[in-house]
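Engineer: predicted coordinates and the sequence they were generated for:
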Amino acid sequence: MKKESITVQMDGEKLRAVKRYMEKKDADLEQELCDSLQKLYEKYVPSSVREYIDEGCEDAPATASSKKQKEKEKAATAADGTQNGAAH
C-alpha cells in the first residue's frame, strides 16, 4: 500500500522536550506516532471498511505470488497423484 505523509504543528519547546525524554527511554517518536494513528484508524473507521481496505491491499501485490503458489500446489498435487497411482 502506498504510504503518505502528514504534517503536524507543535510548540517547538514541547517537541524538543518529548524527543529528549523519549530518547532517554529508548522510545521512537515516529513509531509512537504511527501506533497512535493506527489506534485512531481502528477507533473511527468501521471494521467493514477496514476489512475492505485490507483485502484490497493483500490482492494487489500478492496476485503474482499467489498465482505462483497455486501453480506449485497444483504441481505438487499432480506429482503426488502420479506417485500414489504408480504405487498401487
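Structural biologist: Structure received. Residues are numbered from 1 along each chain as shown.
Engineer: which ones are touching A27?
Structural biologist: By CB atoms under 8 Å, 6 or more residues apart in numbering, no residues touch A27. Every C-beta, even on glycine, is put in place using the N, C-alpha and C of the backbone.
Engineer: where does pLDDT dip in this protein?
Structural biologist: Counting by pLDDT under 70, the ranges of the chain that qualify are 59-88.
Engineer: now do 80
Structural biologist: Applying pLDDT under 80 to the chain flags residues 58-88.
Engineer: which parts of it are helices?
Structural biologist: In the chain, the helices defined using DSSP state H lie at 12-24, 29-44, 47-87.
Engineer: can you tell me what sits against the first one?
Structural biologist: In this case it means helix 12-24. Against helix 12-24 from outside (CB under 8 Å, 6+ apart): D28, L29, E32.
Engineer: what about 10 Å?
Structural biologist: With contact meaning CB atoms under 10 Å, 6 or more residues apart in numbering, helix 12-24 is reached by V8, Q9, M10, D11, A27, D28, L29, Q31, E32.
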